[in-house]
Each structure stands twice: as structure tokens, then as C-alpha cells.
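# let me see the structure of the following:
(2 chains)
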Amino acid sequence: MLSLFLIVIASAFFTGIIIRTKSLASGRKGPGIFQPIKDVLRLFKKGVVYSETTSFVFQIAPTIYFSSVVMAMLVVPFGQSKGIISFEGDFIFFAYVLALGKFFSIISAMDTGSSFEGMGASREALYSMFAEPAFFILMGSLALLTGHTSFQEMFASLHIGSYISYALAILGTFVLMMVAMIENSRMPIDDPKTHLELTMVHEVMILDNSGFDLGLIFTAGYLKFAIYGALVVNLFIGVFPYHYSIPMFFIIQIVLSIGVGLIESFMARFRMSHNAQFIFVLTSVSLLIFFGALLILGKFA
Amino acid sequence: MNLIKVILAIPFLVMLLLPFFNTKGKGIIFYAAIVLNALLSGYLAIQSLGGELTVFTFPGSLVTGPINLRIDALSGWFILIINFVFITGGFYGLFYMKAYQTQRNNLTLHGIVVVLLHWALLCLCAVQNSIAFLIFWEIMALSAFLAVIFEHGKMATVTAGLNYLIQSHISILLLMFGFIWIAFKTGSYDFNAITAYTSEHQGVAGLVLFLVFFFGFGIKAGFVPFHTWLPYAHPAAPAHISGIMSGVIIKIGIFGMLRMITLIKADYYTIGLIILTFSVLSGLYGVMLAIMQHNLKKLLAYHSIENIGIIGMGIGIGCIGLGNGNIILASLGFAGALLHTLNHALFKSLLFYTAGNVYQATHTLHIDHLGGLIKKMPQTASLFLIAAIAISGIPPFNGFISEFIIYSGFYYWMHDAMLGPLMAIIFSVLGLVLIGGLALLCFTKAFGIVFLGQARQQFHHEVKEVPFMQLAPLYLIAFFIVLIGVLPQIFLNVLSQPVHLLSGMTMSSNLPWQGEMGKLLQPVTLGIWVFILITGMIFGIRKYITRKRNMVVEPTWGCGYVAPTPKLQYTASSFVRAYGKLFKPILLSSKTEKEVQGIFPSGGSYETHVYDRIEKYLIDNPIAAYKAFLGRFLFLQNGRLQIYILYGIIFIVSVICIPLFYDQIVLFIQFIKQI
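Model (predicted):
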């Protein structure tokens, strides 16, 4: 229950901080950190334009996308406190529910018949396919280390003690963050602020969405970022009491968002044709984590 | 007992009656026979799932020995799946075949072979005698062949049918080898002899015997590298036969493997690892090739290979559980495999039937010629969408449930595994995840290109939705897809007996795995319900808030370009182009290209084809080499009658003369032996 509130609060400022960081880095003052929320609220009040090519798929897709993200959010725990739904193998459910949202966002892009959106859809499908193995192997390694298969039990019984486990935690953070970048279409995979449709992934898929639906898609994006942030936080706060862990949650989320803002300010996006290979590298990193876990458990003996 | 006699008599009655009726009467008799067969056998099957065995012994003959028919829980589960697919498929077929009304004799044959096919499949599930099993297997293979080549006017159909026929006979050859081995050693054709022999001869014998059967049944099931017949046979057959083939005929291979697991006593740990390896390869290879297909039915056929891989993973886990003596692991694996067998039968037959609707409406299955069908055929499109989500293993539908059980099996196995098994687990999980991701890519492509966007080609005839009666069985299948998704418990309770049988537990009231399974699935079901609830709520909120907003319909945003044509849309090939480039080393793709040139350019073209690399190296190249070798003797067949008569004379002379030289030949052989 706790995680739900924290994620919702974090999602309110996460994207705002990224935008603010980018503005400051480029020498502008920039909008307030709650501007994204204001934008969404304004979108909720607007009317809607549908393409004449689209069918009912286009109209139901944003809602299903949004609810899949909300559902994924309910599964995420916070340290000792369980998510609203928590069970053995809930990370599988987490990934597959998000996949449902992705399925609908892809077909809704194809529903418009626009070649730009088809292109975005194709990229999204390919990248998310490559990102998933990394996530599953990471979770598998944690399951192996802790002997549990639910998010909450894994995170709660994760003890960081030895040098190897420090290395693993760092690698784990890296993998989770990169998966978050891919899932949220940020740099270095995708540039949300590019001005050319040909170089977009996620943005080009929602070219035709407007009004309430667009608001839902944006909100889902903010939530998704905070969800992955929360997962990263969970790697570290397993055993701490709440009066440490809750401030830690916000500090880590803010650091992450500033980090994302800095990366986007000073780095260029990867070449689109090399993205897939890059994403698949994540799988090998997570395999490293798996071998590390084997090392800790002494399975190589 | 009498029930079984009635079931056995039905196809012969149909054979006698069917030719003498008009087309409508044929349809009625055909469907009545299937329903009657299904009801009678279904009654026995349901009894067996309740734990009640039906045993019946025919006296048999001198050669075969007594023939036992026994319907146990495993047979019961498969009989129910077969019946369901035939009832829905037969009904769909009645309407699908309307276009061929004029071919009366052809329809008669088709009706008879489908009834025979259904009957043979049912008998295969029950029969306990290897000779009888082989006979039914042959009836099944032949009737399926005849059913596939319904449109035998087309060359491609006949070629595909022959390909299937030959490969299924290689399967029979392997099975025969296995059965004869047992009969030779024990002198009995009864299935119990297999158990008796293998429990006496522990070790390699059991393993090799199992592998012989595994390969034999694997050809039927379509495991890589024995899958090459599948992508030809499915597209060539009429839609309802494709659905039946993918739904149950390839599953009879799975049934055979499971039956052998209950019979053969061997080192199941090794067997499990072998099955797992083949399964992961099948799953990945199937879906990798599926993505590149341009023909909708061929795409679905490759997906069958993928799903057989997923089922195989479940069987693999189950066998490893058996080998380790870990009952819960074994039941997780077998439950996942059996449930996925049902799930695949449901969503794959639904996909084939909807593809059949598309074919009926447009007369093409080439994905890149279609598009925008959702507006013309909204019901077909929605049904296809449900099946597509289910086959991608995404909640809230049934595919997710069985994949979740298999995932749980892998993670459960992790608990006490050592290094080697852990590697197997992590790479299998990697494979399963990739399969899921690739399936998503494949079905967003299939659904997106076929049903969404604008029509890529104008048809000269009206494209319209098929009649409601034809859609009715499809709705029934979709209902079950959703039902398993939201209430898997019902089906897992039904599964408890077959799983017990497979994991070698004695029938007792204490069912350790059921509690485990309940604990496993209860929260998932809860999660799915919550998800549906949330989605419903958000829809409600959206509807409420936007009720007064104005809605405008405009052309799609073309980034400033105002005259887009349907040809500008993304095509199936372009959707998977990035994927195709990445997987180029594995795929065998060729492209022909004519670039647009000049100031006043004429038309350009671009075409890609993907061929199956395994088929090339395992089937085509050996056949080519064999043909080249036999080609050396082509001079013998020169078409001159005189020479042929000469061959005859040479033959007769040598037949007469060789005995004359008998002594000399014996002497010569002895001389060689002395050296």
C-alpha cells in the first residue's frame, strides 16, 4: 500500500525534475517541476481528434495501456511493505501485464495507417523484446540468491554484505535503469525531444493521440518511470526502517531523475540501427549478475 | 462396452450413408457423426477424469494378441480436447465449405475422412496394443493427408500433402522400430510389455527406446528439426482442417510422448534435459521464422512449432521432476504442458478459423495485400485480436496461465539445483522470455497489417463479414480462452487426475500439488480480476469525463504531407525489417530488388523471401545429393521399349542361370572367407 502512494507522489515530480535539469543545463530557467502534471490536467479537459483511418482499437488502447501500468504499480513493494498484490512469481505478472499495454500501444499506432507510426511501432516491439530477457534474468538471479520468487520477499531478504554483492547491486541498478530507459523511451535509446519523426520511437507512436487519451498515455509514462525508480530503490532499502527508507526513496528518485536529465543534456542518442544490439548487451550484463549470484552461493565449487 | 462398439461403428455407417445424400444432407450426417462420436467418447472421458477407468478388451487375433482399450485420465484429457476442436471445427467447416458446394464427390470424400480422422484420433488415445496403435496411426495419417489435399487441383496443395505424407511415414517407421523392439524382446504387443521390459532393463535401453519414440512422435508434433512438413501442410489445407491439424493432430504427438512417459521406466532426468533442449530450440526457431512469413497461415503454422516448444518445456520440467523424485516439480511441469496443450488447441484453432474468414472474404492470405479489414469484418478482427493476445502469453487470457505455470516450474526447480541444471534453467527462461517477446512482435505485425490501417489492395468483389452462424463456434472458443484466463482453477481441478498419472503418484486423497497449485494461481487470478476491474473503472471514468467533449474526425497526421496513399503505409516486411537484419545469420533470406532510377522513374520493386535453414540442410541438400546419385543410373531409363524388353530377358535368364552356378558361388564365397 505504501509503495502505491510513494510511487504516485514520485511520479508527480520525476519528469518535472528531468525537464528542469535539462533546462538548467542548457542555460534556461525552465518550467516548474509540476508542469507535466499541469499539462496532463489540461489535456484531460480537451476535446479529441480521431483519425478517420482508425477503429475502436485506437480508442481503447490508451486506456488499456494506462491500466496495465497501474496494475504493474500495484505489484511493486516498498522494502518490508508488500505491494497491494504480492505473490510467488509476481515479477512475471508484472512484466507480462506491461506487455499487454505495449501490445495495445503498438497496434494502436498501426491503426492510424501512418508510416511514421508504423515505424515507431516496429521499433518499440523490437526493443521491448530485447529488454525483457535482461529483466527476467536479473529477477531470476535475485530469486536464486534469496530463494524467493515474489518482489517483496526477494527485496526484503536481499542482504548486501560482501564485495561481490556490492558489484551485483551496482550491476543490478544499471540493468534496471537501462530497462527503465528503454521502457520509458528516454536517452540513450530514444530521444523524446527530437524534432524529427524519423528519429523517434515512442513519441512517433502517439502522434495521432489527443485529448484525454494523450493525457492517459503521458500519465502512464510518468508512473512507469517512478515504478522503475521504486524497483531500483528496493534493491537498497530491504532492511531499513521506514524513517530511513522513505527519505531514501525520495532522495534516490530525485538523484535518478537529475541523472536522467544530465544524460539527456550531455549525451547523444545511440544510432537507431545499433540500439537493438546495445539492448541485448544488457542481457549479458544480467547474465554476469547471475554468475555473480552463483559465486556468492558457492555453486561453482 | 456397448458404447465403445457404437463409437467404433459410427465411421463405417457414415462411409455407407454419405455418398447417397445431397450436399445439405451430407453436412447434417457429417456433423451428426462428429457430435455423436464426441458425446459418447466425451462421456467416457469425463468419467476417466473423475478417476474412473474404462477398460475393454477385444479378443484380437493371433498376431496382435488381445487388444485392450483403456481410457485413463490422460486419454480423457486429450479426448476432450479432440472433441472440442472437432465440434467447433466441424461446425465452422460446414460453412467454410459452402464455397465448394459444387464439388459433390470431393465433399463426400472430405466428410468421410474428417469423420475417420476424428475417430482414429479418439482410438489412438484409448488403444493399448502396439499393432492396433500403428494401424490407427496410419488411418489418422492417411485421412489427414486426404483432408489436407481437398483442393487437389492446385499443385502446391498436392506437393504439401505428399511432403506431409512422407514425413508422417518416417514417424511411423520410428514408432514401428520401437514397438517391434519391445515385441521382439518380450513377445507381446501389449503396452504393459513396454513397462515390463524397461523396468527390467534399466539404463541405456530405456533411454534409447524413449528417444526412438520421442523422435517418432516428435515428427508428428513438429519439434525442430522435424518440423519441415508443418509450414506446408497447414496453409494448403482448408481453414477448418488447418485448425484441426494445429489443434489436435500435432498434439497427438505430444499425447504419444506423455503416454510413453507413463509406460517407459528410464532415467528421466537425462530425458528431461534432452526434451528441454529440443523444446527451447523449437520454440525459438519456430517464432523466429514465423515473424518473417508473408502468408498468414504459414505464419500461424510456424507458431505451432513455437507452441509445441512451450509444451515441450513443460514436459521437460515434468520429466526432470520425475527423475529427481520431486513430485511438485513434476506436477508443475506436466500441468503446464497439459494446460498449454488445451490452450494452444483453443487459440490456434481460433486463429486459423479467423484466417479462414479473411481468406473467404478476400481470397488471399498474403499479409501485404491486406489491411483495414477491421472496418469490414469487425467480429473476425476482434476474435483474431483475442487469440493473438492469448497466444503471445499475455494476461488476462489463457496463454498467460500456462506459461506462468511453466515459469513457476523453472523458478521452483532453481531451489535445489546445482550448477549444470541452473545453466539449463537460465537459458530455458531466456528462451521462454524471448519467445514471448518475439510472439508479441509477430502478432502485432499480423494483426496490425491484416486488420488495421487502410486496405493495401482494392478487391474486385465485396469484402464482407462471414455469416453469424459461422462465427458462432469461434465465439465459443473465445469464451473458453477468456474463461481459462480468469478462472484457471476449474481446469486445473480437471487436470488433477492426468497430472497424478504422469507424475507417478498413487491415487490418494492427499494431493500435495493441488494445494501448491492453488497457492500459486489464486493470487494470479486475483491479480487478473483486479486488472480487469481497474480497466473497467478507467473506461468508466474516461466515458464520464469525455461525454461532453467534442470529437472531430480528421485524416491521419501525415507530418505535413497531405496526399498520402494506402501504399505509403508500413508493410509487414518493413515492420520486421530491423528484426530481419539482426537475425540474418540465422534466417535464410533472399531478396530481389529493382531500384527506381532515372529522372522519369519507372516502377521499382522489392521482394523478400525467407527459407528455412534447417529444411535446406536437413531435407533439401540430402535429397539433392540422393537424386544426384540416382541420376547416374538414369541411362537405364531411356524410354526405348526394345531395351526394356532386353532388361526383362536379362532378368529371366539370370533367374534361371544363377542356380546353375550355385556350387561355384558357394565355393567362391568360402574362398573369400578363407582369405
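
# ok, residue A:90 to chain B distance?
From residue A:90 across to chain B, the span is 8 Å (Cβ to the nearest Cβ, to the nearest Å). For the C-beta atoms, the positions are set from N, CA and C on the backbone; glycine is no exception.

# nearest residue to residue A:292 in space, please, no chain neighbours.
Leaving aside its chain neighbours, residue A:292 sits nearest to residue A:168 (4.7 Å; criterion: Cβ to Cβ, 6 or more residues apart in numbering or on different chains).

# isn't that neighbour up against residue A:291?
No: here residue A:168 lies out of contact with residue A:291, judged by Cβ atoms under 8 Å, at a distance of 9.8 Å.

# quick one: which of those two has more around it?
Set residue A:168 next to residue A:291 and count neighbours by other Cβ atoms under 10 Å in any protein chain shown: residue A:168 wins out with 26 against 16.

# go through the helix or strand containing the more buried one and flag the buried ones.
Per DSSP states H and E, residue A:168 falls inside helix A:163-183. Going by neighbour count (16 or more other Cβ atoms under 10 Å in any protein chain shown), the buried part of helix A:163-183 is A:165, A:168-169, A:171-183.

# then stretch A:233-251 to CSV, C-alphas only?
C-alpha atoms of stretch A:233-251 as CSV (Å, rounded to 0.1, in the frame of the first residue of the first chain):
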residue,chain,number,x,y,z
VAL,A,233,15.3,1.9,-4.6
ASN,A,234,14.0,-1.5,-3.4
LEU,A,235,17.4,-3.0,-4.2
PHE,A,236,18.9,-1.0,-1.4
ILE,A,237,16.3,-0.4,1.3
GLY,A,238,15.4,-4.0,2.1
VAL,A,239,16.2,-4.0,5.8
PHE,A,240,16.0,-0.3,6.8
PRO,A,241,13.1,1.0,9.0
TYR,A,242,10.7,3.4,7.4
HIS,A,243,12.1,6.6,8.8
TYR,A,244,15.3,5.9,6.8
SER,A,245,13.8,4.2,3.8
ILE,A,246,11.1,6.7,2.9
PRO,A,247,13.5,9.7,2.7
MET,A,248,16.0,7.4,0.9
PHE,A,249,13.2,6.6,-1.6
PHE,A,250,12.8,10.3,-2.5
ILE,A,251,16.5,11.0,-2.5
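
# mind listing what residue B:80 touches?
B:42, B:45-46, B:49 (Cβ atoms under 8 Å, 6 or more residues apart in numbering or on different chains).

# would you point out which residue of chain A is nearest chain B?
residue A:118 (2.6 Å; Cβ to the nearest Cβ).

# circling back: and the buried residues of helix A:163-183, which is closest to residue B:561?
residue A:182 (30.0 Å; Cβ to Cβ).

# which stretches of chain B aren't confidently modelled?
Applying pLDDT under 70 to chain B picks out residues B:1, B:505-516.

# if we can go back for a sec, out of the buried residues of helix A:163-183, the closest to residue B:662 would be?
Nearest member of the buried residues of helix A:163-183 to residue B:662, counting by Cβ to Cβ, is residue A:175, at 80.0 Å.

# is it correct that that closest one is in contact with residue A:282?
Yes: using Cβ under 8 Å, residue A:175 is in contact with residue A:282, at 5.7 Å.

# quick check: neighbours shared by these two?
Contacts common to residue A:175 and residue A:282, judged by Cβ under 8 Å, 6+ apart, are residue A:134.

# which parts of the stretch 101-250 of chain A are helices?
A:115-146, A:151-156, A:163-183, A:202-205, A:211-237, A:242-266 (DSSP state H, counting those that start in this stretch).

# now the longest one against helix A:163-183, angle please.
What that stands for is helix A:115-146. Interaxial angle, helix A:115-146 versus helix A:163-183 (axes from the mean of the first three to the mean of the last three Cα atoms, to 10 degrees): 160 degrees.

# try the last one
If you take the same axes, to 10 degrees, helix A:242-266 sits at 60 degrees to helix A:163-183.

# buried stuff in helix A:242-266?
Quick answer for helix A:242-266 (16+ other Cβ under 10 Å): A:245-246, A:248-249, A:252-254, A:256-258, A:260-261, A:263-264.

# does chain A sit close to stretch B:411-427?
Yes: for stretch B:411-427, a contact with chain A is found by Cβ under 8 Å from any Cβ of the partner chain, at B:411-412, B:414-415, B:418-419, B:422, B:425-426.

# would you list the contacts of residue B:80 in JSON lines and tack on distance to residue A:64?
Below are the contacts of residue B:80 laid out as JSON lines (distance: Cβ to Cβ, whole Å):
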{"residue": "B:42", "distance to residue A:64": "37"}
{"residue": "B:45", "distance to residue A:64": "38"}
{"residue": "B:46", "distance to residue A:64": "37"}
{"residue": "B:49", "distance to residue A:64": "36"}
